[in-house]
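1. with the sequence up front, the predicted model follows.
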Amino acid sequence: MSDKKNSVNEQTPETVLNQASESAQDTTDYIALREQEKAEYKRQKREDRKREREEEKRQKAHPKYFTITDSNGNEKTIKAPKRKFKLSFGDVIFFIFDYAFFGIFTLSCFFPFYYLLINTISDAELVSKGMINFIPRGINFQNYLALRTVNDLGTSLFVSILRTIIGTALMVFASAFIGYLVTKQEMWHRKFWYRFLVITMYFNAGLIPWYLNMSMLGLTNTFAAYIIPGIVAPYNIILVKTYIESIPAELEESAFIDGASHLRVFQSIIWPLCLPILATIAIFGAVGNWNSFQDSLILMQNSPELYTLQHRLYIYLNTSSNLANVMNQAGSGASAALDYANNGKVIKYTISMVSVIPILLVYPFLQRYFQEGIMLGAVKG
Amino acid sequence: MGKSKTADGMDAEYRKQYEAEMAAKKKEEAENRKILEAKKQEHPKEECAPLFYILRVVSLIAFFLMFIPAANPARISGLISRNLSLFTSAISYSSLISGTGRAFRTGWVSESVFIMLYVSAIIVLVGLLGIALGACLSLGNLKLKRLGVVVGLGGSLIAIIGLVLNYVSYVQMQGASNLDKVAPVFPMGFFIFAGASVIAFIVNLILLFALPKADKNMPYEMETRFRLFLMFLPFALLAFVFCYLPLWGWRYAFFDYQAGDVLSMDKFVGFKWFTYLFENDATKKDIVRVMENTLAMSGLGIATSWIPLVFAVFLTEITNKQFKKVVQTFTTIPNFISWILVYTVALAIFSTDGFINTFAMNMGWISSGTNYLMSDSGTWLKMLAWGLWKGTGWSAIIYIAGIAGIDRQLYEAATVDGAGRFQKIWNVTLPGLIPTYMVMLLMAVAGCLSNGLDQYLVFSNAMNKTHMEVLDLYVYNLGIDGGSIPLSTVIGMAKSIVSVILLFIANSISKAVRGESIV
């Protein structure tokens, strides 16, 4: 027994490494083991989610039933006792007010978009007379087709789409990678570098120094100005770092003992396991890029071809109600319907719809990620 | 926490087995790790350390100066833009010759000079990158260090060749036919980069002989800590350039600067702009008005910061799940549209030909429309209302989650005690949410000078400008639109510093009261 103990104490780094490499030689076994572990971890998570979903489904299907655990640890589904009290008068009044309040609030959030939509797809004459208030009439898509003749709109749309895709992709990748690096205790002065990033969240030099800095770097009037400054996003890095710290360290360590490099571990362990949080920050990043306006306004003063869609819309909103000057005269034959005095209004609405539709379409499906995002932010600590 | 939650999902037997396995594995690996780390801790002493430090510092400085237009060695003529850095000159020929169209056409200077200049910029760039790469490699083991020295040596040689070419093109530039227009200037940057390259060359040369020979069989290796650091370095540089470097722009606050000027010491005016702020009557009045607006809007925001909380409380009282979901979906959408789209919404509803006016006219209630957006009545309240419309549903999410986290037993106990709906809200829900609310409140107070630019920019017009201009908008109007860069820098500077102080105060209050920091 004591001999054995001694031999353990005598282990030198070399022997450990040798052992590790020896065992790494039966690679198939080892890799299989690691894969199993990873699969196990994923399976657990999957099961968790599945159970939650099932529970929810059951609740929905039989709200009268609920599950309890009895003294033997067995789960039992029992019938809920009938409600003993009827709704009191006070409750009824309360619910009326409660539902009414939220109904009105929801309507106030929904109606403006609906109003914009029906005005853009209704008969132009009725719209110009202000007859379209609740119900679309004479539905047509002339306005959307007429957008082709609005100068520079296509370029702006292209710029916005491009920056949303490139900017978000780079930001997500960088956040994941930096988030991973700052969890590594071995990194040279890790704490300092982490703080170096985090401090930038709470302090900025101000609008004018920022602008002068960008122009000093030669980034004004270049597309790169949309992309490069957004790559390092400290807040997202914190989110990813927190998330990585919640992943069991064993998964990584075993890979290191197998001889994987940091890049390899990042690529095949951290990245796949971080996908949920990466999806969240990707969505926030994409919305931010799509809505961006300030950088276009301040940095692109001499290159209108690089204006983002939001900036373009801002310019249209500020031009006089007659949009004739921004309409391409050559194409006016196609837009005869737009010759009404205040067609400018409708065109503005149409452009707004174009820039809001992506968000309206995407949001309901990805709501979960959005909401997870804010909760993660709250517990970042 | 996450682990225990996932473990619940498995049946008890499997969990036990799994946990035992994991514990054993953990123990074993912890031991291995300890030994490996102990090995890592023994950092061997670096040979010729001071020389390497010089090399690293020089290459870092040279690397940064590559992006600074003031230090561009390729700006050898007045025709070349002042905003061009060495990096831009080397990657984009078109921006290098952007101002030379006339000079080429009239034959003041031949294009070959510029081509030579462009080539020299590329060569210098490549050389500098070589120096930087050599400095990075110097973090490795002896073998890697020697490689780095060779790379650095080559890089500095290339850089020197490039600079010589650069000088030759300067000499040729002096031979231009119209010296007034071409205006050859000898760039300061030339000395900086020449100095850096020569230092790098000498240091690398010394190192080449001073470093002991590496064993032939020695592998190229680098300690993990430096490897990780080198992976991190590009991002650290990015963060430095875009978040720390702007602070360098604060120097404009002490100069008489017009857009397009060059800063020189004879334009140094000390604290002129700081005193100007308080001595010039018009500016003083402006500042008072702007501060009034800023604090009023922030104050209104803080005064109504309880609304999302109430929203969350009453939304959780609703029992119909579908209704709740619809409410949540629609009330959170405005948070994700830009302020410009909010303004479109405002136009569609409140402008002369918007919904309210047309509807009222159709009904015959009014005979002519009024544009509610153009009036200055209640501007502060209107802005508050738009802010609430956009933000309430979203801010409520955090409280909704907070309510979901309150122990159900508390409610049951309260019910048993005979508490009614409002009593439960008052005595159970609210106390549970107050900590979260306090954090939000402190953050709002700390950020009270930053109202943001977008909202006020899009909603402001000639009518309501006096009540709309908050600090951010004022700085924008003054600096970007008005061009008074020093004054707006002073204001921005003051704002940044006060904001940081406020944040510190809020943080220490939070630490004192809750024992937790908020930043």
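-> Looks like it came in fine. Remember, predicted model here, so these are calculated numbers, not experimental data.
2. can you tell if whichever strand or helix holds B:Val149 touches chain A?
-> Taking DSSP states H and E as the definition, one finds B:Val149 inside helix B:142-174. No: Helix B:142-174 stays clear of chain A (CB under 8 Å from any CB of the partner chain), getting no nearer than 15.5 Å. The C-beta positions use only the backbone N, C-alpha and C, and glycine is treated the same way.
3. contacting residues for the closest residue in space to B:Leu137 that isn't next to it in sequence?
-> Leaving aside its sequence neighbours, B:Leu137 sits nearest to B:Gly148 (CB to CB, 6 or more residues apart in numbering or on different chains; 3.0 Å). Contact partners of B:Gly148, counting by CB atoms under 8 Å, 6 or more residues apart in numbering or on different chains, are B:133-138, B:140.
4. quick one: low-confidence ranges for chain B?
-> Chain B contains residues with pLDDT under 70 at B:1-11, B:38-46, B:260-263, B:519.
5. mind giving me the domain split of it?
-> Here the domain parsing of chain B from automatic domain parsing is B:49-222, B:279-514.
6. so, low pLDDT: which residues of the stretch 51-200 of chain A?
-> The stretch 51-200 of chain A contains residues with pLDDT under 70 at A:59-68, A:70, A:77-86.
7. residue in it nearest to chain B?
-> With CB to the nearest CB, the shortest gap between the stretch 51-200 of chain A and chain B falls at A:Gly130, namely 3.1 Å.
8. and the residue of the stretch 51-200 of chain B nearest chain A?
-> Counting by CB to the nearest CB, the stretch 51-200 of chain B gets nearest to chain A through B:Thr88 (4.5 Å).
9. right, and that residue touches A:Gly218 too?
-> Yes: at 4.5 Å, B:Thr88 counts as touching A:Gly218 under the criterion of CB atoms under 8 Å.
10. can you check which residues contact both of the two?
-> Residues touching both B:Thr88 and A:Gly218 by CB under 8 Å, 6+ apart: B:69, B:95.
11. what residue is smack in the middle of the chain?
-> Since you didn't name a chain, this refers to chain A. Closest residue to the average C-alpha location of chain A: A:Ile283 at 1.6 Å, with CA atoms, centre = their mean.
12. can I assume that residue sits in a helix?
-> Yes: judged by DSSP: H, G, I helix; E, B strand; the rest coil, A:Ile283 forms part of a helix.
13. right, and it touches A:Leu366 too?
-> Yes: if you go by CB under 8 Å, A:Ile283 and A:Leu366 touch, sitting 5.6 Å apart.
14. all strands for the chain, in order.
-> No chain in the question, so chain A it is. A:65-69, A:75-79 (DSSP state E).
15. wrong one, I was asking about chain B
-> Defined through DSSP E, the strands belonging to chain B form an empty list.
16. for the stretch 351-500 of chain B, which residues are neighbours of chain A?
-> Residues of the stretch 351-500 of chain B lying close to chain A (CB under 8 Å from any CB) are B:353, B:355, B:357-359, B:361-362, B:389, B:392-394, B:397-398, B:401, B:420-421, B:436, B:453-454, B:457-458, B:472, B:475-476, B:479-480, B:485, B:488-489, B:492-493, B:495-496, B:500.
17. just these: which are in helices?
-> If you go by DSSP state H, those have B:355, B:357-359, B:361-362, B:389, B:392-394, B:397-398, B:401, B:421, B:436, B:454, B:457-458, B:472, B:475-476, B:485, B:488-489, B:492-493, B:495-496, B:500 in helices.
18. buried ones from these, can you make that a PyMOL selection?
-> Buried residues among those (16 or more other CB atoms under 10 Å in any protein chain shown), as a PyMOL selection:
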select buried, chain B and resi 355+357+358+361+389+392+393+394+397+398+401+436+454+457+458+472+475+476+485+488+489+492+493+495+496
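19. tally of neighbours for A:His189?
-> 12 (other CB atoms under 10 Å in any protein chain shown).
20. kindly report the same for the one 5 residues further on.
-> For A:Tyr194, the number of neighbouring residues by other CB under 10 Å comes to 20.
21. from chain A, how far out is the most centrally placed residue in chain B?
-> Centroid-nearest residue in chain B, with CA atoms, centre = their mean: B:Cys243, separated by 4.9 Å. Between B:Cys243 and chain A the distance is 4 Å, computed by CB to the nearest CB, to the nearest Å.
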